[in-house]
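Peer 1: Build me a model:
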Amino acid sequence: MFREMRRKQQQLTFEKCKTILENSSSGVLALEGDNGYPYAVPLSYVYNGSKIFFHCAKNGHKIDSIKRNCKASFCVVERDEIVPEEYTTYFRSVIVFGKVRILENDDEKLKAINALALKYNPNDSEQSRNMTINREYNRLCIIELSIEHMTGKEAIELVNKK
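Peer 2: Coordinates of the predicted model:
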């Protein structure tokens, strides 16, 4: 169903892909946009092993796209070092494919928003976190990406250094 990576020697292990998703702070979600054009939007996220969660407003281009087509991809670039003398970059990235849905269940939404809040402000008190979540909750939309396929790749120069 999904293509195999052409340059297999550059493919990252599943464990390395997971580490990149766990430790990175943002990525780009790609959806089918208006009039068949791709729509790619940078987002903060949290990864839990089989799903990725995002928060956003309850309406807009992203929500319209999700309602039209649930298939999506998400890309995280962990490293992108410009090497001018080689006319290239030394990169390391992960691409995830899957289906997105808007969470409607309050328990699922609260679990996801708590995970997002803990990722981006781990030193906040539980009381402060809950107060912020409660204040924003009614305006909040949570999107879940269920991972169906994941690959990671790094520049051949990084592979050769190992």
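Peer 1: which of the residues in the lengthiest helix in the chain are buried?
Peer 2: Scanning the chain for the longest helix, with DSSP state H as the assignment, gives helix 106-120. When neighbours are counted by 16 or more other C-beta atoms under 10 Å, the buried residues of helix 106-120 are found to be Lys109, Leu110, Ala112, Ile113, Ala115, Leu116, Ala117. To be clear about C-beta, it is placed using only N, CA and C from the backbone, and glycine gets the same treatment.
Peer 1: now the helices for the protein?
Peer 2: Under DSSP H, the chain gives helices at 14-23, 61-68, 106-120, 126-136, 156-161.
Peer 1: For the fourth one, give me every contacting residue.
Peer 2: Outside of helix 126-136, the residues that reach it under the criterion C-beta atoms under 8 Å, 6 or more residues apart in numbering are Leu110, Ile113, Asn114, Ala117, Leu118, Asn121.
Peer 1: just the shortest one next, same as before
Peer 2: Around helix 156-161, the neighbours that count as contacts under C-beta under 8 Å, 6+ apart are Arg7, Gln9, Gln10, Arg79, Val83, Glu86, Thr88, Tyr90, Arg92.
Peer 1: Closest one to Arg101 out of these, please.
Peer 2: Arg92 (29.0 Å; C-beta to C-beta).
Peer 1: Kindly check the end-to-end length of stretch 52-64 for me.
Peer 2: 19 Å (C-alpha to C-alpha, to the nearest Å).
Peer 1: Likewise for stretch 131-147?
Peer 2: Taking C-alpha to C-alpha as the criterion, the two ends of stretch 131-147 lie 31 Å apart.
Peer 1: Output the lowest-mean-pLDDT helix or strand in the chain as CSV - backbone C-alpha positions only.
Peer 2: One helix or strand of the chain scores below all others by mean pLDDT, DSSP states H and E: helix 156-161, with a mean of 75. The C-alpha trace of helix 156-161 is given here as CSV (Å, rounded to 0.1, in the frame of the first residue of the first chain):
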residue,chain,number,x,y,z
ILE,A,156,23.9,9.7,3.0
GLU,A,157,26.8,11.7,4.5
LEU,A,158,25.4,11.0,8.0
VAL,A,159,25.1,7.3,7.2
ASN,A,160,28.7,7.2,6.0
LYS,A,161,30.0,8.8,9.2
